[in-house]
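Here is a sequence together with a model predicted from it:
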Amino acid sequence: MPSTDIPAAKGSQDVWLDAAFELLLESGVDSVRILSLAKRLKLSRTSFYWFFKDREALLEALIARWREKNTQGLVHQTEAYAENIVEAMLNVFDCWLDPKLFDSPLEFAMRSWALQSASVVSEIDAADATRIDALARMFQRYGYDPLAANVRGRTIYLTQIGYISMKTQEPLEVRMQRIPTYVEIFTGQPPGSRELQRFHARHGYYSPTGTY
């Protein structure tokens with residue numbers, strides 16, 4: 001595969017990968033086919049082979065990008081600076097509101113793909129374990145014992161995966177109203193007004209009542 005001087009008419013690796021993601025999200029993994037992608041991109045089918053050995057290589061690249069975005073995105077948020085566990089929890093909640101940190105439709109598509117692929121099941125299992133471990137370690141850093149930290153981490157994670165699996169949709173205002181109670185349930189501590197103000201500001205939300 002040439003690494004330089006690729007004709008523009010052949011697209012790029014990211015162009016093909018982005019189109020594959022779009023098909024995965026729209027119609028599932030069975031729709032991710034070289035010919036379908038070529039038609040979508042208005043490129044020749046042979047252009048694909050400048051960037052990927054075959055369809056399996058493309059699917060492996062899809063998995064790698066999902067792993068990098070969703071798993072690493074969540075882990076990074078658990079490790080972000082926070083003055084206390086409430087602020088740390090709100091850092092994690094950033095993932096559920098910012099698709100640049102964690103892509104929920106992509107997560108749903110990957111879990112749907114796992115229903116027909118044992119190898120993807122293994123990838124999902126590994127991702128789940130890594131994410132729950134990151135959440136548990138976050139709680140341990142703030143003084144929770146290992147068992148309590150693990151249970152709290154599992155509860156947070158499985159609750160959000162439930163949201164994703166059920167395709168639950170909430171208006172932003174409704175979710176923002178619920179988040180303080182979620183935080184208190186998950187951490188045992190209520191968020192303060194300054195913590196909520198900072199969190200709301202990150203997401204461009206302002207309480208209609210002006211209270212926190």
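Received the coordinates, thanks.

in this structure, which spans are strands?
Counting by DSSP state E, the chain has no strands at all.

where does it have low pLDDT?
Residues of the chain meeting the criterion pLDDT under 70: 1-9, 209-212.

Where is the longest helix in it?
helix 118-141 (DSSP state H).

Output that one as PDB, nothing but the C-alphas.
Extracted C-alpha coordinates of helix 118-141, given in PDB (Å, rounded to 0.1, in the frame of the first residue of the first chain):
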ATOM      1  CA  ALA A 118     -17.900 -13.400  19.000                       C
ATOM      2  CA  SER A 119     -14.800 -11.300  18.400                       C
ATOM      3  CA  VAL A 120     -16.700  -8.100  19.000                       C
ATOM      4  CA  VAL A 121     -18.300  -9.600  22.100                       C
ATOM      5  CA  SER A 122     -14.700 -10.000  23.400                       C
ATOM      6  CA  GLU A 123     -13.900  -6.400  22.500                       C
ATOM      7  CA  ILE A 124     -17.100  -5.200  24.300                       C
ATOM      8  CA  ASP A 125     -16.200  -7.400  27.400                       C
ATOM      9  CA  ALA A 126     -12.700  -5.900  27.500                       C
ATOM     10  CA  ALA A 127     -14.000  -2.400  27.100                       C
ATOM     11  CA  ASP A 128     -16.600  -2.900  29.900                       C
ATOM     12  CA  ALA A 129     -14.000  -4.200  32.300                       C
ATOM     13  CA  THR A 130     -11.600  -1.300  31.500                       C
ATOM     14  CA  ARG A 131     -14.300   1.300  32.000                       C
ATOM     15  CA  ILE A 132     -15.600  -0.100  35.200                       C
ATOM     16  CA  ASP A 133     -12.100  -0.500  36.600                       C
ATOM     17  CA  ALA A 134     -11.400   3.200  35.700                       C
ATOM     18  CA  LEU A 135     -14.600   4.300  37.600                       C
ATOM     19  CA  ALA A 136     -13.700   2.100  40.600                       C
ATOM     20  CA  ARG A 137     -10.200   3.500  40.700                       C
ATOM     21  CA  MET A 138     -11.700   7.000  40.600                       C
ATOM     22  CA  PHE A 139     -13.700   6.300  43.800                       C
ATOM     23  CA  GLN A 140     -10.700   4.700  45.500                       C
ATOM     24  CA  ARG A 141      -8.700   7.900  44.900                       C
END
